[in-house]
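I'll drop the sequence and a predicted model, then ask my questions.
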Amino acid sequence: MSKKVIIIGAGPGGYPAALRLKELGADVAIAEAWDFGGTCLNRGCIPSKSFLDTGHRVHAFEGLRKLLKEDSGVNFSADMLDWGKVKARRAEVILKLRASLEKLFQAKKIEVLRGRAAFSGPGEVTITGPQGETKRQFDAAILASGTRPSFPPLFRDFQDQLTDSDRIFDLPQKPGALLIVGAGVIGLEFACFFNALGVKVDVLEILPDILAGEDPQVTRAVRTSFERRGIKFHLGKKAVNIEISGGLKTVELEDGTKLAADEILVGAGRAADLEGMGLEALGIAWDRRGVKVNEFMQTTLPQLYAVGDVNGISLLAHSASRQGEIAAENIMGARHTFDADIVPKCVYSWPEVGSVGLTKAAAEAKGLAVKTSRAYFLGIGKAVATDETEGFVQLVFSAADETVLGAQIVGGPATELIHVIALAVKLKLRRSDLKEIIYAHPTMAEAIHEALNK
């Protein structure tokens, strides 16, 4: 008899797990309270990239102005964009991808249970949906319910009048001024997009720098690029008061500075979506950061696994997908573990950021002796020819034998190039191994080759 497995959540953690389990011969059902694809497809990764692509096209056109004939008569500006059409394009992308995913599940004959799932016992879930309550027994379960936007204490009192990373896509009109709370990936990507559309953007961050945990060379390059375009950062500052009057929202900082905007986007973090799941009935503790799992993605209840954002290990869609596959394989008898050291971290702004493995500071904090080498896109032929000279490739090596420990890339197609280094970290390649690769000319990847030869 095949193993019965219930998956809660059809996002980037849940649906790869369901597909892998089906491949391995399990009897699989997946419960989803909202839309297929989870936050990533519907309110995160994909819609934000649709917005960013629109913004990048505007940015690219600005770069072409100097090549236009003086009497061309072209007077394009971001103000000419139809906000409704920008949102419609995003919606079309989502519907297309969601429909494709749902068809795949139909083709694989994976049962979909529509409704909110909660554990009613160690081997049972109750799904409450349009058709009422349904109870299902399982041999194993995977919790992949993701996260929801989280508001810091002061902003929590006004959350119905502010916006977040879920609701920002549905603003009725483009704001004239936007205050973004949080200078992480979410905050920076939306800052980049709205700035390109001519919106006045301020970014408030309580920490002393943007992109917490990134290499200082990276944060400096990105911050400088953003500031050059008119985005203003307020770093190491705490908000002490909020006033909302006549559609204008004003945040007062501890130093007396007042930041006024039409909209305030709170992108300062997300909390695990575990409320009402019935975990307490199973004796499993959790908090806003998630539920603890071991290296096999198991909770303290061996037959219950938790993957993706709900376990707090790595709040990235691609991490969730790999964890989902690992959980599926382990349910069916494997003993695979998740390697957080090879997870690429990406920021899809311009300049892009891609990093993997250890930074110099993180390696030294582990007691490792390291050395770095860096090459700038300014010296790369393809970058000069395409006017994409911002940024660099920085490699981190073990000082002892030059094993590749990590990399940080700013500029160009950083989010694509970083996979070369992820492979090197995974396979424990050395500098000499990467130097043997022939890097096509002219490509942005030649910056990796240049960094290897520094």
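Arrived safely, thanks for sending.

what secondary structure does the residue lying closest to residue 32 once chain neighbours are set aside sit in?
Here the nearest residue to residue 32 in space, its sequence neighbours aside, is residue 10; by C-beta to C-beta, 6 or more residues apart in numbering that works out to 3.9 Å. (Glycine included, C-beta is placed from N, CA and C.) Of the three states, residue 10 takes coil according to DSSP: H, G, I helix; E, B strand; the rest coil.

where's residue 10 relative to residue 44, distance?
14 Å (C-beta to C-beta, to the nearest Å).

Kindly report the same for residue 5.
Remark: distance between residue 5 and residue 44 (C-beta to C-beta) = 26 Å.

what's the answer for residue 116, then?
Using C-beta to C-beta, which is the criterion applied here, residue 116 is 20 Å from residue 44.

Residue 23 now?
Noted for residue 23: a distance of 26 Å to residue 44, by C-beta to C-beta.

Neighbour count: the two, which is higher?
residue 44 (22 against 14; other C-beta atoms under 10 Å).

List the contacts of residue 52.
Contacts for residue 52 were tallied using C-beta atoms under 8 Å, 6 or more residues apart in numbering; they are 189, 192, 193, 348, 349.

May I see these organised as TSV, with distance to residue 216, neighbour count and secondary structure added?
Below are the contacts of residue 52 laid out as TSV (distance: C-beta to C-beta, whole Å; neighbours: other C-beta atoms under 10 Å; DSSP: H, G, I helix; E, B strand; the rest coil):
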residue	distance to residue 216	neighbour count	secondary structure
189	21	21	helix
192	20	25	helix
193	25	28	helix
348	21	20	coil
349	18	22	coil
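
Would you format the residues you listed as a markdown table with pLDDT and distance to residue 450 included?
As requested, the contacts of residue 52 are exported to a markdown table (pLDDT from 0 to 100; distance: C-beta to C-beta, whole Å):
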| residue | pLDDT | distance to residue 450 |
| --- | --- | --- |
| 189 | 97 | 28 |
| 192 | 97 | 27 |
| 193 | 96 | 31 |
| 348 | 97 | 24 |
| 349 | 96 | 23 |
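
Farthest from the middle of the protein: give me that residue.
Most distant residue from the mean C-alpha position of the chain: residue 71, 43.5 Å away (C-alpha atoms, centre = their mean).

Against residue 65, how distant is that one?
For residue 71, the distance to residue 65 under the criterion C-beta to C-beta works out to 14 Å.

Residue 157 too?
Spatial separation of residue 157 from residue 65 under the definition C-beta to C-beta is 45 Å.

how far does stretch 374-389 stretch from start to finish?
Taking C-alpha to C-alpha, to the nearest Å, the first and last residues of stretch 374-389 lie 14 Å apart.

Sort out which residues of it are buried, please.
Within stretch 374-389, the residues that qualify as buried by neighbour count (16 or more other C-beta atoms under 10 Å) are 375, 376, 377, 380, 382, 383, 388, 389.

residue ranges of the strands in the stretch 51-200 of the chain, please?
Across the stretch 51-200 of the chain, reading from the start of the chain, the strands by DSSP state E, counting those that start in this stretch fall at 111-114, 116-121, 124-129, 132-137, 140-143, 147-149, 163-164, 177-181, 200-205.

May I see these organised as JSON lines, with mean neighbour count and distance to residue 78 added?
Formatted as JSON lines, the entries for the strands of the stretch 51-200 of the chain read as follows, by neighbours: other C-beta atoms under 10 Å; distance: least, C-beta to C-beta, whole Å:
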{"stretch": "strand 111-114", "mean neighbour count": "16", "distance to residue 78": "40"}
{"stretch": "strand 116-121", "mean neighbour count": "19", "distance to residue 78": "41"}
{"stretch": "strand 124-129", "mean neighbour count": "18", "distance to residue 78": "43"}
{"stretch": "strand 132-137", "mean neighbour count": "12", "distance to residue 78": "49"}
{"stretch": "strand 140-143", "mean neighbour count": "28", "distance to residue 78": "42"}
{"stretch": "strand 147-149", "mean neighbour count": "21", "distance to residue 78": "27"}
{"stretch": "strand 163-164", "mean neighbour count": "20", "distance to residue 78": "20"}
{"stretch": "strand 177-181", "mean neighbour count": "24", "distance to residue 78": "14"}
{"stretch": "strand 200-205", "mean neighbour count": "23", "distance to residue 78": "12"}
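
For the lengthiest helix in the chain, what is the distance to the chain centroid?
Residue-count comparison of every helix in the chain, with assignments taken from DSSP state H, identifies helix 83-107 as the longest. On the basis of C-alpha atoms, centre = their mean, to the nearest Å, the separation between the geometric centre of helix 83-107 and that of its chain is 19 Å.
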